[in-house]
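Chemist: Generate a structure from the sequence data that follows.
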Amino acid sequence: MTYLCLGLSICVSIPTYISFMYIRTLRLNTRFIIVRNIVLSVCLRDLMFLFTDFVTSLASKPSYLCEVTGALLQYMSTCAFLWMLCASTDIWLKVHFPYFNHANNIYFYRSLSYISPMFIVCATIGGFRSGYVDENSCWLSITSQSMWVFYSTAIVLIVLISIELAMVACKTTQALKNSVQPANIASTKDPKQSRNMAKSFLPLLAVFGITWILGIFLVIGGTIIFDLLFVIVNGLQGFVLFLSQFLFSKQVHNAWTESKERATTRTL
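Modeler: The predicted structure follows:
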């Protein structure tokens with residue numbers, strides 16, 4: 001089941017990422033730059049899950065190999081959560097500060113999402129030198145409590161993302177009820193656009209949140225049912241990204257149509 005779910009997510013994540021890079025309007029769009037990096041982080045994390053499982057299955061393995069794979073898995077998982085925070089923050093900023101130049105925010109988002117996890121991983125390794133990973137699973141150790149560093153980070157980020165999306169939903173819903181476009185959401189011609197952007201990330205947030213809530217139950221003392229649910233939900237995150245941000249995205253469909261029309265025009 002693990003290989004099936006992760007394999008499916010990886011298979012759909014690769015063409016999704018390539019499409020976001022190929023279509024110029026999506027490649028330069030801040031929202032899709034963020035989504036593209038979420039897709040990349042989740043895909044690399046899934047590959048690390050498979051590699052970790054391979055390392056775990058080895059009859060004899062050096063201890064440092066387990067520590068390296070565990071550290072990379074923690075790093076990529078944290079990157080995915082931070083890019084989710086960047087997505088919700090970007091929506092919140094565009095709703096509340098529409099006249100601010102948001103194009104340069106992407107440099108801060110990249111630094112936050114790719115550099116800060118290094119410090120978190122290094123701090124975890126330094127704090128739990130003798131028991132950073134469990135050699136039986138090559139993942140953060142339950143015995144030394146190093147796993148709670150990751151779970152606490154994930155919970156804090158999920159709460160922050162939920163608060164930001166709730167604030168966006170309240171602001172845009174109020175504007176729609178009043179049938180007036182206030183100045184502080186003037187960055188969109190229709191407040192529905194901001195609300196739809198926030199709603200597009202809700203399925204992904206739900207999957208990320210449910211995954212690690214199930215993970216906490218597993219740490220406390222889970223059953224086979226929790227183990228199975230964790231594998232399915234965690235393994236299908238890339239597939240949910242494909243559905244919510246690519247397959248059912250009107251903006252992506254419009255971008256593909258425009259790209260085909262431009263290609264046809266050049267041919268003629």
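
Chemist: CA atoms for contacts and neighbours, from now on please.
Modeler: Fine.

Chemist: ranges for the strands of the stretch 101-250 of the chain?
Modeler: 133-134, 139-140 (DSSP state E, counting those that start in this stretch).

Chemist: pretty sure Leu85 is touching Ser162, no?
Modeler: No - Leu85 lies out of contact with Ser162 (CA atoms under 8 Å); the separation is 9.2 Å.

Chemist: okay, those two: which has more neighbours?
Modeler: Each of Leu85 and Ser162 has its neighbours counted (other CA atoms under 10 Å); Leu85 has more, 24 against 17.

Chemist: The more buried one in helix, strand or coil?
Modeler: Recorded secondary structure, Leu85: helix (DSSP: H, G, I helix; E, B strand; the rest coil).

Chemist: Name the nearest residue to it, ignoring sequence neighbours.
Modeler: Ile161 (5.5 Å; CA to CA, 6 or more residues apart in numbering).

Chemist: how many neighbours does the one you found have?
Modeler: 24.

Chemist: Can you tell me which helix or strand of this protein has the lowest average pLDDT?
Modeler: Sorting the helices and strands of the chain by mean pLDDT, DSSP states H and E puts helix 191-221 at the bottom, at a mean of 62.

Chemist: quick one: low-confidence parts of the stretch 101-250 of the chain?
Modeler: 175-223, 226-227 (pLDDT under 70).

Chemist: most tightly surrounded among the strands of the stretch 101-250 of the chain?
Modeler: For the strands of the stretch 101-250 of the chain, the largest average neighbour count (mean count of other CA atoms under 10 Å) is found in strand 139-140, namely a mean of 26.

Chemist: Parallel or antiparallel, which strands does that strand pair with?
Modeler: Using DSSP bridges, strand 139-140 pairs in its sheet with strand 133-134 (antiparallel).

Chemist: distance between the partner strand and the chain's centre?
Modeler: 24 Å (CA atoms, centre = their mean, to the nearest Å).

Chemist: re earlier: for the strands of the stretch 101-250 of the chain, which one sits closest to Leu243?
Modeler: strand 139-140 (28.9 Å; CA to CA).

Chemist: What lies in contact with that closest one?
Modeler: In this structure, residues lying in contact with strand 139-140 by CA atoms under 8 Å, 6 or more residues apart in numbering are Thr52, Cys66, Glu67, Thr69, Gly70, Leu73, Tyr132, Val133, Asp134, Ser146, Met147.

Chemist: Just the ones in helices from those, please.
Modeler: Among the contacts of strand 139-140, the residues falling in helices (DSSP state H) are Thr52, Cys66, Glu67, Thr69, Gly70, Leu73, Met147.

Chemist: Looking at pLDDT only, which of those scores worst?
Modeler: Among the ones in helices among the contacts of strand 139-140, Met147 carries the weakest pLDDT, at 83.

Chemist: for the closest residue to that residue other than its chain neighbours, which residues make a bridge with it?
Modeler: Nearest residue to Met147 in three dimensions, chain neighbours excluded: Leu140, at 4.8 Å (CA to CA, 6+ apart). Taking DSSP bridges as the rule, Leu140 bridges to Val133.
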